[in-house]
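>>> Sequence and predicted structure below; questions after.
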Amino acid sequence: MKPTTLAAAASIAAVTTLVAADNPQSAIRNPQSPNIIYFLVDDMGFADVGFNGGTQFRTPNIDALARKGVILQNYYVQPLCSATRCTLMSGRMPNRHGVYGAIQGDAPYGLPLDERILPQLLKTAGYTTAITGKWHCGHYRPEYLPTSRGWDHQYGFYTAMLDYFTHKRLAGARAPGWFRDDKPLHEEGYTTHLIAREASRLIKQHAATNTRAAATNANSARQRPIENRESKIENPAPLFLYVPFNAVHSPFQVPPEYEKPYANLTSNRRRLGAMLAVVDEAIGQIYAALVETGMADNTLIIFSSDNGGVSPGTRSDNRPLRAGKGTIYEGGIRSAAFVVWPNHIKPNTTAAPPVHLVDWYPTLAAIAGIDPTAPIPTPLASDNPKSRIQNPKSLDGHNILPLLLEGKPPPRDTLLIVGTSPQRYAYRKGDWKLLVNPNANELHSDARRADPDDITDTEIISKTRLELYNLATDIGETKNLAAAEPARLKQMYAEASAIMRDAAPSLSVTTSKKTAKTGKTGKAKKGK
């Protein structure tokens, strides 16, 4: 597949001009809620991309897009796959929803059905919702599948460890691995290429359906949308497109031609760089579709990894952070990230205040004009008939629009990041960071282990271990100051443990106990 760059995206729309985002003084031309795209890369290292200091890998599309917005220098996620995804979807931390780790194979649980997740929330504001890529929030029964939880369109797969070429699950492969609208789909192709193709198709389809609104959005001859003379939509639905790639997660598979530019690197590093190159190409193609359709000027774009890089030092590059995926050290929970919103967010900027992926729920609600604390209206016809959603739940995030638009930090001085069990968590207060029962560093730097996804949240820790670091002077967490700062350690631990005192039990523990008693796993049927 021929690589696509942002420059090529502009040439595709040669009769138009690229987005006006490069002019931060430009007036907001359309009060309509923006389209929203979240690019979530799986297992990407902190320094694997150029905009965040990486030098070994070439990520021209990602870097060019980052320059159009604000780079978030202290962007936190969860240390493992499902925990991050469930936290993003619910706006609530694992100590609320109970998914602390990675949902394994045919595990009989998922993000609880009484959580109103982002697509369900945004649909109340008229959004069309679509996911193309990795779900990993539960799939063992039909009511947990994406189209039962507010997604109008689904494409991709449900869990981890999918063969990039055959689309078969490598763990517990008793069911199909690839789906469209939650029905088994058999097609050929490398998964990252297919995800890009489907996302681009949905963008073009959406623009064609909403052509009159796209014309209003453009509001000038600089960008003309696809013409659809049959459309009668006066107030079109904006699009929420979630693109969670399975790359660069194991298995480490990639078309050989993408490895050639990295022939000088070790095989592990070379293959990961090649996989990220395909992701970069995919993002360029999806952005090209936004430009071609005239949607780019009214689209909010978010980019991050789901957790820290795997096997740092041998496969991923998390420098200057310590450790990687699965840990609560910075290398496991801090991600390279940026946000782009033309005519709203000033390009070529950075923001230093700590933010967390959990902040997107209230932030996107604010952008869409939704009060997430208001009583939940009667479910839409497409909503899950088995949903137990009743009243809004308390959120853990903050609306970070003031930070994105004006540089004002969120109204908090602390941030809790929950680890892979209720007994592991990190607590940041200003530049100080407390770690409660941090994972062993060596556990996640062993190149012989393909992936730490086998870390489950069923562990019991008998003796509490505390570490304390000052990130302002020691971003690599090399000097434990717990003994030197006993008063600070005691105070921070008291505050953090009070928050975690009523933590939800791990669903992998509670469902394992139920399964052991009943012998039933509640596996999902094929399709819907």
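Received the coordinates, thanks.
>>> Count residues in the vicinity of the nearest residue to Thr266 once chain neighbours are set aside, would you?
Using CB to CB, 6 or more residues apart in numbering and skipping residues adjacent in sequence, the residue nearest Thr266 is Thr314, 7.4 Å away. C-beta here means a position set from N, CA and C on the backbone, and glycine is covered the same way. Counted with other CB atoms under 10 Å, the neighbours of Thr314 add up to 15.
>>> Which secondary structure state does Thr314 sit in?
Classification of Thr314 using DSSP: H, G, I helix; E, B strand; the rest coil returns coil.
>>> Does it touch Asn268 like I think?
Yes. Using CB atoms under 8 Å, Thr314 is in contact with Asn268, at 5.5 Å.
>>> beta partners of Val70?
Counting by DSSP bridges, Val70 forms beta bridges with Val339, Thr349.
>>> Could you list the low-confidence segments of the stretch 151-300 of the chain?
Along the stretch 151-300 of the chain, the model assigns pLDDT under 70 to residues 171-175, 211-236.
>>> quick one, strands of it?
Per DSSP state E, counting those that start in this stretch, the stretch 151-300 of the chain carries strands over the ranges 153-157, 179-180, 183-184, 239-244, 299-305.
>>> From the chain's centre, how far out is the second one? Work that out for me.
To tie it back to what came earlier, the one meant is strand 179-180. 20 Å (CA atoms, centre = their mean, to the nearest Å).
>>> Neighbouring strands of it in the sheet, and parallel or not?
Applying DSSP bridges, strand 179-180 is found paired with strand 153-157 (antiparallel), strand 183-184 (antiparallel).
>>> Doesn't Asp396 belong to a strand?
No. Applying three-state DSSP, one finds Asp396 to be coil, outside a strand.
>>> Please verify my assumption that it contacts Leu88.
No. Counting by CB under 8 Å, Asp396 does not reach Leu88; the two are 11.5 Å apart.
>>> Need the winner for burial among the strands paired with strand 179-180.
The highest mean neighbour count among those, using mean count of other CB atoms under 10 Å, belongs to strand 153-157: a mean of 24.
>>> low-confidence ranges in the stretch 401-528 of the chain?
Along the stretch 401-528 of the chain, segments meeting pLDDT under 70 span 440-460, 512-528.
>>> Between Asp396 and Leu88, which contacts overlap?
Val358 (CB atoms under 8 Å, 6 or more residues apart in numbering).
>>> what's the burial count for Ile131?
By other CB under 10 Å, 27 other residues sit near Ile131.
>>> Could you check the pLDDT of it?
In this prediction, Ile131 carries a pLDDT score of 98.
>>> shouldn't it be in contact with Tyr155?
Yes. Taking CB under 8 Å as the definition, Ile131 is a contact partner of Tyr155 at 7.2 Å.
>>> Quick one: low-confidence residue ranges for the stretch 1-150 of the chain.
For the stretch 1-150 of the chain, applying pLDDT under 70 flags the ranges 1-31.
>>> where along it do the strands fall?
Here the stretch 1-150 of the chain has its strands, by DSSP E, counting those that start in this stretch, at 35-41, 70-72, 75-76, 128-134.
>>> Parallel or antiparallel, list what pairs with the shortest one.
Same thing as strand 75-76. strand 334-335 (antiparallel), strand 355-356 (parallel).
>>> now for those strands, which one comes closest to Lys183?
For the strands paired with strand 75-76, proximity to Lys183 was assessed by CB to CB; strand 334-335 is nearest, at 32.7 Å.
>>> Could I get the average pLDDT for that closest one?
In this model, strand 334-335 carries a mean pLDDT of 98.
>>> Now do that strand: distance to the chain's middle.
11 Å.
>>> Contacts for stretch 155-170 next, please.
By CB under 8 Å, 6+ apart, the surrounding residues in contact with stretch 155-170 are 81, 102-105, 130-136, 139, 145, 171, 175, 177-181, 185, 187, 190-192, 195, 198, 244, 246-247, 249-251, 253-254, 451, 453.
>>> Recalculate using a threshold of 7 Å.
Here stretch 155-170 makes contact (CB atoms under 7 Å, 6 or more residues apart in numbering) with 81, 102-103, 105, 131-136, 139, 171, 177-180, 190-191, 195, 198, 246, 249-251, 253, 453.
>>> Write the PyMOL selection for whichever of those residues are buried.
Filtering the contacts of stretch 155-170 down to the buried ones (16 or more other CB atoms under 10 Å) takes a single PyMOL command:
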select buried, resi 81+102+103+105+131+132+133+134+135+136+139+177+178+179+190+191+195+198+246+249+250+253+453
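>>> out of the contacts of stretch 155-170, which are inside helices?
81, 191, 195, 198 (DSSP state H).
>>> residues in contact with the last one?
Taking CB under 7 Å, 6+ apart as the contact definition, Glu198 lies against 132, 155.
>>> measure it to Ile389 for me?
Glu198 is 28 Å from Ile389, where distance means CB to CB, to the nearest Å.
>>> Could you do the third one as well?
Using CB to CB, we find Ile195 at a distance of 29 Å from Ile389.
>>> again, but for the first one
As judged by CB to CB, Cys81 and Ile389 stand 24 Å apart.
>>> ok, now Ile36?
With distances taken as CB to CB, Ile36 is found 21 Å from Ile389.
>>> Neighbour count: those two, which is higher?
Set Ile36 next to Ile389 and count neighbours by other CB under 10 Å: Ile36 wins out with 23 against 17.
>>> Identify the bridge partners of the more buried one.
Note on Ile36: beta-bridge partners by DSSP bridges are Phe240, Leu300.
>>> in the stretch 401-528 of the chain, which spans are helices?
Here the stretch 401-528 of the chain has its helices, by DSSP state H, counting those that start in this stretch, at 401-406, 486-500, 507-518.
>>> Revised request: answer the last question for the stretch 251-400 of the chain.
Counting by DSSP H, counting those that start in this stretch, the helices of the stretch 251-400 of the chain are 267-293, 330-333, 360-368.
>>> Looking at those, which is nearest to Thr420?
Nearest of the helices of the stretch 251-400 of the chain (CB to CB): helix 330-333, 9.2 Å.
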